[in-house]
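A.B. asks: 3D, please:
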Amino acid sequence: MKKLLLILFGLGVLWGCQSVDYLSIDYLLPAEMSFPNELRKVAVVNNVVEGTPTRLPRQFADEPDVNMRTQYRKTQYLSGDSKATTESLAQALADGDYFDTVIICDSALRASDKEERRQALSRDEVDELTQQLGVDFLIALEGLELRAETKAAPDYYTGFFVASTDVKVLPTVRVYLPQQTARTPINKVDSIFWQGFGEDLTESVRELPTNQSIVSEASQYAGEFIAKTFVPYWETSTRYYFTNGSVSMRDAAVVVKEDKWEEAMKLWQQAYDESKSNKKKMYASYNLALGHEMLDDIDQAIEWATKAQQYALQANQGEVAQFTSIYLQQLNTRKQSYASVKMQMQRFNEDF
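C.D. replies: Okay, the predicted model is just below:
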């Protein structure tokens, strides 16, 4: 997103009187894993072996600047809250409205074990759990590690100290089906980030969350992003469009605000047909690409975005061509994922 905003800034300078507006678009992306339609009831279970947090032998690696302590670094390995992650995962699956039933078993299954053993559930345990819970299969959380890197240093542009904690969230999950051997565990990774500011190093570090807060928030976040492995999910992206250059373009910008896409498309088509310059056709064709995307006609959107890119090159508008290339990448990503989404949503008879 930073790259796109920087490009837009450059375009705003180079385009002069041409204005750009933006909007948000939501679209469905496929889950990483697909399930047969008959698997409609799932239980989320906590199969994590509880233990004491693991930490690096050397937790601190301070880097003093000459004789003044102006920099600070610290790395920790922490155990996540498996109960919180199990609850968060079950809630995210339920919110996805993909499975008919989502049941949670957030108590650690290994809590009563008298001796340590391998984490994977046995076939008998899976059969017993699915029967007891009345589900078709299980999704088990089997590990949750957090790697927290904290650092602080002066920001020479503002004069303040900036501290940050970047936490790598490393959960492990496994899918269990009755009468089948345990599948290979799925290892996921994502990160969550905090910043703190202060007039000195100590003040900036104190603005950061405590370990307890880190574990709580990161564990809940783990469940949310794990869910994308198992259920289709909605993505929100920003889209841009051109708002002037002709009466039709200005009128279209008004009706876009009212979500009247068919009307806007007619006005953009009119602007395209009436334009004699490649530059104006570039703006209109780009907007037509957006209109087709908003109406879920991705093939037509790609066709018009390709035209916009060609007009940009013909009009010697290299920055606009680069901007359009980014949009084409977004459209092609949507097209590639659509087939998977359609397959995964067959259980709803394409009513999605």
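
A.B. asks: what's the domain layout of this protein?
C.D. replies: 2-23+241-348, 41-229 (automatic domain parsing).

A.B. asks: could I get those domains in TSV, plus columns for mean neighbour count?
C.D. replies: For every residue, glycine as well, the C-beta is placed using N, CA and C. As requested, the domains of the chain are exported to TSV (neighbours: other CB atoms under 10 Å):
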stretch	mean neighbour count
domain 2-23+241-348	17
domain 41-229	17
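
A.B. asks: which stretches of the stretch 51-200 of the chain have low pLDDT?
C.D. replies: 51-69, 106-118 (pLDDT under 70).

A.B. asks: just to check, residue 26 is in contact with residue 239?
C.D. replies: No - with contact defined as CB atoms under 8 Å, residue 26 does not reach residue 239; the gap is 10.9 Å.

A.B. asks: neighbour count: the two, which is higher?
C.D. replies: Between residue 26 and residue 239, residue 239 has the larger neighbour count (other CB atoms under 10 Å), namely 15 against 8.

A.B. asks: ok, for that one, nearest residue in space, not its chain neighbours?
C.D. replies: residue 25 (5.2 Å; CB to CB, 6 or more residues apart in numbering).

A.B. asks: regarding residue 255, what is its secondary structure?
C.D. replies: helix (DSSP: H, G, I helix; E, B strand; the rest coil).

A.B. asks: wait, isn't it in contact with residue 267?
C.D. replies: Yes - with contact defined as CB under 8 Å, residue 255 reaches residue 267; the gap is 7.1 Å.

A.B. asks: thinking again about what came up before, part of a strand, is the residue nearest to residue 239?
C.D. replies: Yes - when three-state DSSP is applied, residue 25 is found to be in a strand.

A.B. asks: who's it bridged to?
C.D. replies: Going by DSSP bridges, residue 25 is paired in beta bridges with residue 237.

A.B. asks: number of nearby residues for it?
C.D. replies: With other CB under 10 Å as criterion, residue 25 counts 14.

A.B. asks: so who does it touch?
C.D. replies: 236, 237, 238, 239, 293, 294 (CB atoms under 8 Å, 6 or more residues apart in numbering).

A.B. asks: cool, residue 295 as well?
C.D. replies: Applying CB under 8 Å, 6+ apart, the residues contacting residue 295 are 261, 262, 265.

A.B. asks: in which helix or strand does residue 141 reside?
C.D. replies: strand 137-154 (DSSP states H and E).

A.B. asks: which strands or helices does that strand pack on?
C.D. replies: Using 3 or more CB pairs under 8 Å, 6 or more residues apart in numbering; DSSP states H and E as the contact test, the elements touching strand 137-154 are strand 41-46, strand 72-79, helix 82-95, helix 123-133, strand 161-176, helix 201-206, helix 211-226.

A.B. asks: for residue 273, which of those is the nearest?
C.D. replies: Set against residue 273 and scored by CB to CB, those come closest in helix 82-95, at 45.1 Å.

A.B. asks: now do the helix or strand that comes right after that closest one: distance to the chain's middle.
C.D. replies: Remark: after helix 82-95, the chain's next helix or strand is strand 101-105, criterion DSSP H and E. The chain centre lies 24 Å from the centre of strand 101-105; the measure is CA atoms, centre = their mean, to the nearest Å.

A.B. asks: check stretch 290-307 too.
C.D. replies: With CA atoms, centre = their mean as the basis, the mean position of stretch 290-307 lies at 23 Å from the chain mean.
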